[in-house]
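In: For reference, the sequence and a predicted model appear below.
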Number of protein chains: 2
Amino acid sequence: MNPMSPGNRIPKPRLETTLLRAVRSAVGPAPIRLRISGVEEQYGSELRLPEISIADWRTALMLLLNTELEFGDAYSDGRIEVKGELVSTLRLIYESRGLHGFWPQLVAGFQKLIHSQSISRARHNARQHYSLDTDFYSAWLDRALIYTCAYFPEPNVSLEAAQQAKLDLVCRKLWLQSGERVVEAGCGWGALALHMAANYGVRVKAFNVCEEQIEVATESARRLGLQRQVEFIHDDYRNIRGKFDVFVSVGMLEHVGKSHYEDLGKVMQGTIGNAGRGLLHFIGRGKKANLSPWTQKRIFPGAYVPALTEALPLLEEREFTVLDIENLRLHYARTLEEWLSRYEKSFDKITGRYGLNFARMWRLYLAGSAAAFHTGTLQLFQITFAGNKCAEIPWTRAYLYRGERRSGSEQWTTAM
Amino acid sequence: MNPMSPGNRIPKPRLETTLLRAVRSAVGPAPIRLRISGVEEQYGSELRLPEISIADWRTALMLLLNTELEFGDAYSDGRIEVKGELVSTLRLIYESRGLHGFWPQLVAGFQKLIHSQSISRARHNARQHYSLDTDFYSAWLDRALIYTCAYFPEPNVSLEAAQQAKLDLVCRKLWLQSGERVVEAGCGWGALALHMAANYGVRVKAFNVCEEQIEVATESARRLGLQRQVEFIHDDYRNIRGKFDVFVSVGMLEHVGKSHYEDLGKVMQGTIGNAGRGLLHFIGRGKKANLSPWTQKRIFPGAYVPALTEALPLLEEREFTVLDIENLRLHYARTLEEWLSRYEKSFDKITGRYGLNFARMWRLYLAGSAAAFHTGTLQLFQITFAGNKCAEIPWTRAYLYRGERRSGSEQWTTAM
């Protein structure tokens, strides 16, 4: 198009080159080779770089105009290919862009898309693919079906052991005493509630909006003979009533949404008052960052990943005192890599059942989330707190670590 | 005044009774007997209650009109006496009033009065009694002259051991590596800087606005042969320049004042950039609470005790990530009781040198602060953080506790 005339010595840039440069500028200076429709960047003599290959110019253009949506869609349906290990390639991009590039935001947002669908859309949208639930998740989660960040006392323990170690770390942080009443908001398939009851002798009421998960959890309680100690309830956290000694929520705050923190605070105050203890475990950020208005409106209604300064008013305004905050982001990166590794082993089976597009989307989500936790784009906070009249709090945190190795080498009684 | 006529059957309340009731209402329902100018509350048959005795009606009236100032002044000059153990009596009052009574605020404010004078007024006000410094403090601090919250690995270790344990806990949290460069803002008499240099092989620049403390610290460095590793500098934190691997500040943030957090954030970012690590140790609150405008203006200009939501923007806005927050308020209560106990042993000597009024004022400050930390009116936070490009952060916190007992039973090499 614009063939150079012999008299014109200044070459006009071709559309391909311009687009390639624009995409490169968006990716940042990461050592990654870009290729669009067979046109490749010149990248010196380094031959073994990871490569992002974009199938056609239309996709490249869409990627520039509407990155957040297009990258996920295009990767899912194969118009974007990544040659090289997916997590480390995404990490290179994150690191070269810092915390504010659109790529990290994309993956963070993408993660929220899936999460928010899993609790709200899935409920309203007549069993879409997120209701695939237990069969799908059991292909790549640990045996106890724990879909939150694990805790690896040592980096090389297994995922199964690390999930059990996480459950027990939460129990120890909560300072559980036999006979106490615990309420759990957002209990997944019930692993934490069952662990608390079996190993700490507490009574638990555990809430979840996902009916299938509640059914599985209830069946597990029956099988383990814990049905008199643990009650699984199919309901929203906002409907929790009753008095408890301990409030715990692992992996729910992300889905609560900033505008509902007030509701959650009321529930916490109503259940444990000013004498109780509690723990919030959630995905957070190093600093406040909003998604674009479009993204918030169309893609992720409700969900929100808070910075600590956004999450803590929930406690301070209810006169709960922070006892301990731990950042476990490296553990979530490791957890996601474990999930991804198992996922890859089931990739063909998942593709056969749910389609290639879905299988690739989910792979990108796991890899992108791993990269986001590795690079600090996302954080994982565990906050232990107590009411201002709580009678007894631990003297130091040393007790948390005295028995730590046990969980790496032994099975707890509820491991399924 | 108002003698009852025989025809009037309703007795008019006497001024004394009214005042007594008003003071009682201010104290709250705590089981404490009040006595004003010999007039005593009726308090059933419980004979062994602690008693607050107010010498005269003028003091009682002043106490109601201007509590914050009058309680401290009247206790100091003996117009108010407390019969019963001072810390536990103040705790009773705090607990009966909750977090929002004026009594806790009084003591919190009183503490800030003394602190803020020790760093700002003392500097400008031509060596008032806060410049008494080293001699005075050595009468009741530990041997290393550490005037911040200690850390008791077990509740019954000595203050000396607990202060050394605190120094070492801070070093472990900072993940110090031999050869690294550390900057300390607000170094007191130098104990932490010397401990870091002697036990972790780091180079330290330590800043303090108090000249006498810098002189003592410099002499200690010389005596310990650490003068090539540790440089003590008589200057304000705002004048810190240079590049460092680690930033640490123990007990200074309270004095920085909210309006200067921005200055401190700039210094932190300027010194350790986005690859460094840091620790802030400070007195905080469970929730935001302002002193009265009068108090802020007249009594405590500059100083501020922040809630976490007020302190954390300092980090988030500079893209530092929180790794760990620990609340050590019970350790500060215990530290203050240790100080008070030593203080009482030197009470006569202190009275002889500085006068009874001063000696009683300082006693009230120590006892009131102990009560404030016991009841959760005040908190003690240690925040460990890292820049978002920090190459290596600890995998878990277990390493903090592996060698913990060592510090309770051994002397570190810098113990003075």
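Out: Structure's in. What do you need? Numbers count the residues shown, from 1 in each chain, chains lettered A, B, ... in the order given.

In: For A:A391, pull up the helix or strand it's in.
Out: Using DSSP states H and E, A:A391 sits within no helix or strand.

In: three-state assignment of the residue nearest to it when sequence neighbours are not counted?
Out: Nearest residue to A:A391, sequence neighbours excluded (CB to CB, 6 or more residues apart in numbering or on different chains): A:A275, at 6.7 Å. All C-beta spots, glycine's among them, are computed from the backbone N, C-alpha and C. Classification of A:A275 by DSSP: H, G, I helix; E, B strand; the rest coil places it in coil.

In: State the number of residues packed around A:A275.
Out: Neighbours of A:A275 under the rule other CB atoms under 10 Å in any protein chain shown: 13.

In: OK, contacts around it?
Out: A:A275 makes contact with A:G387, A:K389, A:C390, A:A391, according to CB atoms under 8 Å, 6 or more residues apart in numbering or on different chains.

In: just those now: which is nearest B:I36?
Out: Nearest to B:I36 out of the contacts of A:A275 is A:K389 (CB to CB; 30.4 Å).

In: so who does that closest one touch?
Out: If you count contacts by CB under 8 Å, 6+ apart, A:K389 has them with A:G273, A:N274, A:A275.

In: measure the last one to B:A289 for me?
Out: Counting by CB to CB, to the nearest Å, the separation of A:A275 from B:A289 is 21 Å.

In: Could you double-check that A:V23 lies in contact with A:L63?
Out: Yes. Assessed by CB atoms under 8 Å, A:V23 is found in contact with A:L63 at 6.5 Å.

In: overlap in contacts of these two?
Out: With CB under 8 Å, 6+ apart as the test, A:V23 and A:L63 both reach A:I54.

In: Who has more neighbours out of the two?
Out: Using other CB under 10 Å as the criterion, A:V23 and A:L63 rank with A:L63 on top: 23 against 19.

In: correct me, but that one touches A:F71?
Out: Yes. Shown here, A:L63 and A:F71 form a contact pair, counting by CB under 8 Å, at 6.2 Å.

In: right, and the helix or strand after the helix or strand bottoming out on mean pLDDT in chain A?
Out: Of all the helices and strands that make up chain A, helix A:122-124 has the lowest average by mean pLDDT, DSSP states H and E, namely a mean of 40. Downstream of helix A:122-124, the first helix or strand assigned by DSSP H and E is helix A:133-138.

In: All the strands of the stretch 101-250 of chain A, residue numbers only.
Out: A:181-185, A:203-208, A:230-234, A:246-250 (DSSP state E, counting those that start in this stretch).

In: Columns distance to chain B, mean neighbour count and mean pLDDT on top of these, output as CSV?
Out: Converted to CSV, those look like this (distance: least, CB to the nearest CB, whole Å; neighbours: other CB atoms under 10 Å in any protein chain shown; pLDDT from 0 to 100):
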stretch, distance to chain B, mean neighbour count, mean pLDDT
strand A:181-185, 22, 26, 98
strand A:203-208, 26, 24, 97
strand A:230-234, 29, 20, 97
strand A:246-250, 17, 25, 98
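
In: now A:D245, nearest residue through space, not along the chain?
Out: Per CB to CB, 6+ apart, closest to A:D245 is A:E180, 4.1 Å.

In: brain fart, A:I272
Out: Using CB to CB, 6+ apart, the nearest residue to A:I272 is A:F247, at 4.9 Å.

In: There's contact between A:G257 and A:E310 in this structure, I believe.
Out: No. Contact between A:G257 and A:E310 fails when scored by CB under 8 Å: they sit 11.3 Å apart.

In: any shared contact partners between the two?
Out: Counting by CB under 8 Å, 6+ apart, the residues touching both A:G257 and A:E310 are A:Y304.

In: So which residues on the stretch 251-400 of chain A come close to chain B?
Out: Residues of the stretch 251-400 of chain A found near chain B (CB under 8 Å from any CB of the partner chain) are A:286-288, A:307-309, A:312-313, A:316-317, A:319-327, A:330, A:376, A:379, A:381, A:388, A:393, A:395-398, A:400.

In: Contacts only, for A:D324.
Out: For A:D324, the contact set (CB under 8 Å, 6+ apart) comprises A:K173, A:Q382, A:I383, A:T384, A:R397, B:I325, B:E326, B:N327.

In: domains of chain A?
Out: Following automatic domain parsing, chain A resolves into domains at A:16-84, A:135-409.

In: ok, of those domains, where does mean pLDDT dip lowest?
Out: With a mean of 80, domain A:16-84 has the lowest mean pLDDT of the domains of chain A.

In: Report the distance from that one to the chain centre.
Out: 26 Å (CA atoms, centre = their mean, to the nearest Å).

In: how about it, does it reach chain B?
Out: No. Counting by CB under 8 Å from any CB, chain B has no neighbours in domain A:16-84; the shortest distance is 14.3 Å.

In: Give me whichever of the domains of chain A is most buried.
Out: Of the domains of chain A, the one with the most neighbours on average (mean count of other CB atoms under 10 Å in any protein chain shown) is domain A:135-409, at a mean of 20.

In: And the next helix or strand past the longest helix belonging to chain A?
Out: If you go by DSSP state H, chain A has its longest helix at helix A:356-375. Using DSSP H and E, the next helix or strand after helix A:356-375 towards the C-terminus is strand A:379-387.

In: What pairs with that next one, parallel or antiparallel?
Out: Using DSSP bridges, strand A:379-387 pairs in its sheet with strand A:277-284 (antiparallel), strand A:320-327 (antiparallel).

In: before we move on, back to that, from the contacts of A:A275, which is closest to B:V82?
Out: A:K389 (24.1 Å).

In: Just the element for that closest one, please.
Out: Residue-wise, A:K389 maps onto no helix or strand under DSSP H and E.

In: any idea how far it is from A:R318?
Out: 13 Å.

In: With A:Y94 instead?
Out: Per CB to CB, A:Y94 is found 35 Å from A:R318.

In: Then A:R397?
Out: Distance of A:R397 to A:R318, given as CB to CB: 23 Å.

In: would you turn the strands paired with strand A:379-387 into JSON lines with distance to B:A370?
Out: Formatted as JSON lines, the strands paired with strand A:379-387 follow (distance: least, CB to CB, whole Å):
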{"stretch": "strand A:277-284", "distance to B:A370": "24"}
{"stretch": "strand A:320-327", "distance to B:A370": "18"}
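
In: what about these, which gets the closest to B:I214?
Out: Nearest to B:I214 among the strands paired with strand A:379-387 is strand A:320-327; the distance by CB to CB comes to 34.0 Å.

In: What angle do strand A:246-250 and the closest one make with each other?
Out: Going by axes from the mean of the first three to the mean of the last three CA atoms, to 10 degrees, strand A:320-327 is angled at 30 degrees with respect to strand A:246-250.
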